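In: 3D, please:
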Amino acid sequence: MLLKLYNKNNNPADLQQVIDILNDGGILIYPTDTRYAIGCHGLKERAIERICQLKHIDPKKHHLSIICYNLSSISEYAKVDNRTFKLMKRNLPGPFTFILNGTTRLPKIFRNRKEVGIRMPDHPIIQEIARLLDAPILTTTVPHEEDEEIEYSTDPELIDEKFGGVVDLVIDGGVGGTDSSTVVDCTGDEPEIVRQGIGWLEK
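Out: Residues are numbered from 1 along each chain as shown. Below you'll find the predicted structure:
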């Protein structure tokens, strides 16, 4: 199912439909400030397992990432020291994934790696959803085959054609991007950029 949402002035009933799907353990695809992403309620383990199976992710080997609505909610799910907080405050919202040590508020599936990726995309649609849900959203990019036309990961109608049968909702927020977020590992003594994406870190 495809649902058109806008950067502002969305119908409250449409937004409530999205929140209901997440609260019921559903999976959706939505725009971010990088690529279209696939996600679910970040505290519902069964929904997270569905996404891991869909993307062939082994949670013991791969970092899982969550979208948080604001900086204060991050500290519920990740351990944030003063220096890291200031770094995130300078760069978020934006196209970054900060790797932090997770807290016990996260489901067991996260504790295989002990770390969690934190996203706060600079995109009004997913920001509004995160605000209304008042919980983290597990997030990962929409799967894309090497030999596949790029439109299948940027055009919401084609994304719906490909994934509409395996997810509960595709949000049409216009044509998406093709760039990745910049991944910053903050679990060591110094922040380390482990993948340079579209975001340039302001230290």
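In: lowest confidence element among the helices and strands of this structure?
Out: Ranked by mean pLDDT, DSSP states H and E, the weakest helix or strand in the chain is helix 151-154, scoring a mean of 89.
In: in it, what's buried?
Out: Within helix 151-154, the residues scored as buried using 16 or more other C-beta atoms under 10 Å are 152-154. Any C-beta I mention is one placed from the backbone N, CA and C, and that applies to glycine too.
In: Now tabulate those in TSV and tack on distance to Arg111.
Out: Compiled in TSV, the buried residues of helix 151-154 are given as follows (distance: C-beta to C-beta, whole Å):
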residue	distance to Arg111
Tyr152	34
Ser153	30
Thr154	34
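In: what's downstream of the helix or strand hosting Gln127, the next helix or strand?
Out: Element membership for Gln127 (DSSP states H and E) is helix 124-133. Note on helix 124-133: by DSSP H and E, the next helix or strand toward the C-terminus is strand 137-141.
In: okay, the angle between that following strand and helix 124-133?
Out: Orientation check (axes from the mean of the first three to the mean of the last three C-alpha atoms, to 10 degrees): strand 137-141 against helix 124-133 gives 150 degrees.
In: can you pull the buried residues of strand 137-141?
Out: The neighbour-count check on strand 137-141 (16+ other C-beta under 10 Å) flags 137-141 as buried.
In: Ok, stretch 15-34 next?
Out: Going by neighbour count (16+ other C-beta under 10 Å), the buried part of stretch 15-34 is 15, 18, 21-22, 26-34.
In: hmm, back to that, what's the least confident helix or strand of the chain in contact with?
Out: Applying C-beta atoms under 8 Å, 6 or more residues apart in numbering, the external contacts of helix 151-154 come out as 35-36, 141-142, 144, 158-159, 162, 175-178.
In: Can you select the buried ones from the residues you listed in ChimeraX?
Out: Per 16+ other C-beta under 10 Å, the buried members of those correspond to this ChimeraX selection:
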select :35,36,141,142,144,158,159,162,176,177
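In: Helices - which of the contacts of helix 151-154 land there?
Out: Judged by DSSP state H, the contacts of helix 151-154 include 158-159, 162 as members of helices.
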